[in-house]
Every structure is written in C-alpha cells, then in structure tokens.
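Novice: have a look at this fold, sequence not included:
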C-alpha cells in the first residue's frame, strides 16, 4: 500500500473543511445552525489518485519525478480527469464539497482559464471548493535560508489559485531537518511568512500531520503556538501518524487519538483517512466513533474530508464505505452533540 505521502516523497528526493472552528474557537465561515448536520462530509481528491494518474503510478521514481517537473499532464493517464472531480463527488457520491490536490493540476496554478473552468464546473454542480492540498513545492522548514524562502514563495501561486476558486485554505507540509526544537523554529518561520501572504488574501495556511515530526502532535501543536496567527492552523488526519522519515519503512507511530486531540484546537479542516474495513463497516485501524468524539469535543463542526487509500476495495467502493461509516457515526452522535 502506498500513501500520498510515501508516493510523493520518494520522488521528491530525485526531483531536487468550510464551516470550521479555527484558532481560539474563531468561526471561519458558514457557521452551523440547528438545522445543519452535526458535521458535513467532503471528498479529498487523493481518494481518486489511481483513477486520475492511471498507469503513471507504475513509473519508476526518477521518470515520474521528471515528468512532474517537465510535463505534469503526461502523468494524468487515468479514466477520471481532474476537471471531472467535482462532478464525480456530486453525481456519484452526493457530496457537495471537495478538497483538491495540486499535483493533479500542477502546471495550472496561474492558468486563469483553467481555474475558471474548474470553478464553473464546481459551481454548476453546487459543489464548494474547500482547499488545495499542496505538495512538492519545497520544505517550508528547510534549514537553508534561501531554500526555505523559495519554498515559501513557491506556495504563493497556490494561495492565489485558492482565492480564485473560493477555497478557505491551502494545505501545506511542515517538513524540516535537524533537532526537535530547531525544526520547530524553522517550520514556524516558513509558515509565518507564508501565512502573512495568505492572510492578505483571506486564505488560511493549514498543516497536515504528514510524516516525520509533523506527525508528532506535540511538535506540530508547538509550531502552531510559535506561529500564533489566526490564518494558520492544522488539518488533523486520522491515519498519518508515522514518525519515520519519508524513505524509511519502520514501525514508529504516534498515538493517533492523542495526536488528533493535540491538533484539534488549531484545526480548520479534518481528514477521515481510511484503509481497510471490517465486515460490519467499521474501519480496521481507526475507531471512527472515538475519533469523531475527539473532533466534536474540540468544538469543530466543519467538513470532514474522506481520504480513502486502501488496497482492497476499489477507490469508488472505498469512498462509499467511508462515507457510509461517517454518516453512521454522525447519526449515532447527533443527540449527544445537538
């Protein structure tokens, strides 16, 4: 099984939700009312990565990385096109909000005609564009000052694209190198500078637990405290708590429930990661009921994004199974949190 984190990072070395309670309980937009569901469900585009990339997922790391740098569109060999994502979310799953992934339109961030087409399709389906997940734009906590600055500036175009698409955030990675506290300072520096740019456009910069120290809830919450900006927050992912490096295949994991609890005070979106399901429809690795209680106890009432990465079910079936489970948990918890 290869996650987005592992898939993207292994090539990087070669290539060189909207009703949300934010920091301090601040409402981002779309505040819930008594008529709204306990939380809403969105769809992360990575759930369809195999269907969008197609056979290019089988390329070697060097070739894949080179194509992403030189001709990103050549990687899009699947049956589902990026421009159809909002349609698939709405027409196949009845989902009205989406989370884009930048590698599916990697060379289109400044192409206003393309972004206009994305927006027109989403609006036509009645689908909200929530955020853009941004990868492969450099390490925001790079120890090298020039490289860190370049990484910050590389993300500007995605802030601009998110603004055009009416998103509330871009999701970034807080990757760095060095000792625990030094990485914290470096990541906070890069995030602070990018957040200042995002704030000018009313776009949030949110960090996902996505491997390495970013999957240490204590570390990432410490970074958030250092940045201390209302436009900077987290995107807690139920499953991304592997503490090893991108290249390693070890077994060092942070407690996922502790991690999500530590990250929820800063959350501006939530990712319901799923891989494998039991016969009764529950997720094998994550107790969704327990996890959603942590999310709701933090006061979060925004979108929870489906991100299926399992090896057994098809992507379409995995998305459907995750949606069904979230709906079941939502129904069971509705009275307690009404």
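Specialist: Looks like it came in fine. Keep in mind that what you see is a predicted model, and the values were worked out from it rather than measured.
Novice: quick one, helices of this structure?
Specialist: Counting by DSSP state H, the chain has helices at residues 4-12, 49-53, 61-70, 85-87, 93, 112-125, 145-154, 156-164, 180-200, 217-227, 256-263, 288-297, 315-337.
Novice: which parts of stretch 284-302 are buried?
Specialist: Within stretch 284-302, the residues scored as buried using 16 or more other Cβ atoms under 10 Å are 286, 288, 291-296, 298, 300-302. C-beta here means a position set from N, CA and C on the backbone, and glycine is covered the same way.
Novice: before we move on, what about stretch 315-329?
Specialist: In stretch 315-329, the ones that count as buried by 16+ other Cβ under 10 Å are 315-316, 318-323, 325-326, 329.
Novice: what is the nearest of those to residue 109?
Specialist: Closest approach between the buried residues of stretch 315-329 and residue 109, by Cβ to Cβ: residue 315, at 24.9 Å.
Novice: ok, the most far-flung residue of the chain relative to its centre - contacts?
Specialist: The C-alpha centroid of the chain is most remote from residue 335, which lies 28.9 Å away (Cα atoms, centre = their mean). With contacts defined as Cβ atoms under 8 Å, 6 or more residues apart in numbering, residue 335 has no neighbours.
Novice: same question, residue 180
Specialist: 213, 219.
Novice: what's the pLDDT at it?
Specialist: Confidence at residue 180, expressed as pLDDT, is 95.
Novice: number of nearby residues for residue 40?
Specialist: Close neighbours of residue 40, defined as other Cβ atoms under 10 Å, add up to 23.
Novice: of all the helices and strands in the chain, which has the lowest average confidence?
Specialist: With mean pLDDT, DSSP states H and E as the measure, the helix or strand of the chain carrying the lowest mean pLDDT is helix 4-12 (a mean of 49).
Novice: and residue 277, how far from residue 317?
Specialist: When Cβ to Cβ, to the nearest Å is the yardstick, residue 277 and residue 317 sit 9 Å from each other.
Novice: show the contacting residues for the most centrally placed residue in the chain.
Specialist: With distances taken as Cα atoms, centre = their mean, the chain has residue 133 as the residue nearest its mean C-alpha position (5.0 Å). Under the criterion of Cβ under 8 Å, 6+ apart, the contact list for residue 133 reads 44-46, 99-102, 170-171, 208.
Novice: make CSV from these and add distance to residue 234 and pLDDT to it.
Specialist: Formatted as CSV, the entries for these read as follows, by distance: Cβ to Cβ, whole Å; pLDDT from 0 to 100:
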residue, distance to residue 234, pLDDT
44, 15, 98
45, 20, 98
46, 18, 98
99, 14, 99
100, 19, 98
101, 18, 98
102, 19, 98
170, 13, 98
171, 9, 98
208, 7, 97
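Novice: which among the residues you listed gets closest to residue 222?
Specialist: Proximity to residue 222 was ranked across the contacts of residue 133 by Cβ to Cβ; first place goes to residue 208, at 16.0 Å.
Novice: so the closest one touches residue 171, yeah?
Specialist: Yes. Residue 208 is in contact with residue 171 according to Cβ atoms under 8 Å; the separation is 5.4 Å.
Novice: quickly list what's touching both of these two.
Specialist: Taking Cβ under 8 Å, 6+ apart as the contact rule, the neighbours common to residue 208 and residue 171 are 133, 235.
Novice: per-residue pLDDT, the residue farthest from the centre of the chain?
Specialist: We have a pLDDT of 93 for residue 335.
Novice: again with residue 25
Specialist: pLDDT for residue 25: 36.
Novice: over to the one 4 residues further on?
Specialist: Looking at residue 29, its pLDDT stands at 36.
Novice: rewinding a little: mind putting the buried residues of stretch 284-302 into CSV with distance to residue 227 and pLDDT?
Specialist: Converted to CSV, the buried residues of stretch 284-302 look like this (distance: Cβ to Cβ, whole Å; pLDDT from 0 to 100):
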residue, distance to residue 227, pLDDT
286, 28, 98
288, 30, 98
291, 25, 98
292, 27, 98
293, 28, 98
294, 23, 98
295, 22, 98
296, 25, 98
298, 19, 98
300, 19, 98
301, 24, 97
302, 20, 97
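Novice: between these, which is nearest residue 241?
Specialist: residue 286 (10.2 Å).
Novice: so where is the protein shaky, pLDDT-wise?
Specialist: 1-34, 245-250 (pLDDT under 70).
Novice: mind doing that once more with 90?
Specialist: Counting by pLDDT under 90, the ranges of the chain that qualify are 1-36, 61-62, 65, 211-212, 243-252, 338.
Novice: and the two most separated of the buried residues of stretch 284-302?
Specialist: Of all pairs drawn from the buried residues of stretch 284-302, the greatest distance, 20.2 Å, lies between 286 and 301 (Cβ to Cβ).
Novice: hmm, residue 281 and residue 328 touching each other?
Specialist: Yes. Residue 328 is within contact range of residue 281, at 7.0 Å (criterion: Cβ under 8 Å).
Novice: before we move on, back to that, looking at residue 208 and residue 171, which is more packed in?
Specialist: Remark: of residue 208 and residue 171, residue 171 carries more neighbours, 31 against 25, as counted by other Cβ under 10 Å.
Novice: export the buried residues of stretch 315-329 to a markdown table and tack on distance to residue 175?
Specialist: Formatted as a markdown table, the entries for these read as follows, by distance: Cβ to Cβ, whole Å:
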| residue | distance to residue 175 |
| --- | --- |
| 315 | 27 |
| 316 | 32 |
| 318 | 27 |
| 319 | 28 |
| 320 | 33 |
| 321 | 31 |
| 322 | 27 |
| 323 | 31 |
| 325 | 31 |
| 326 | 29 |
| 329 | 32 |
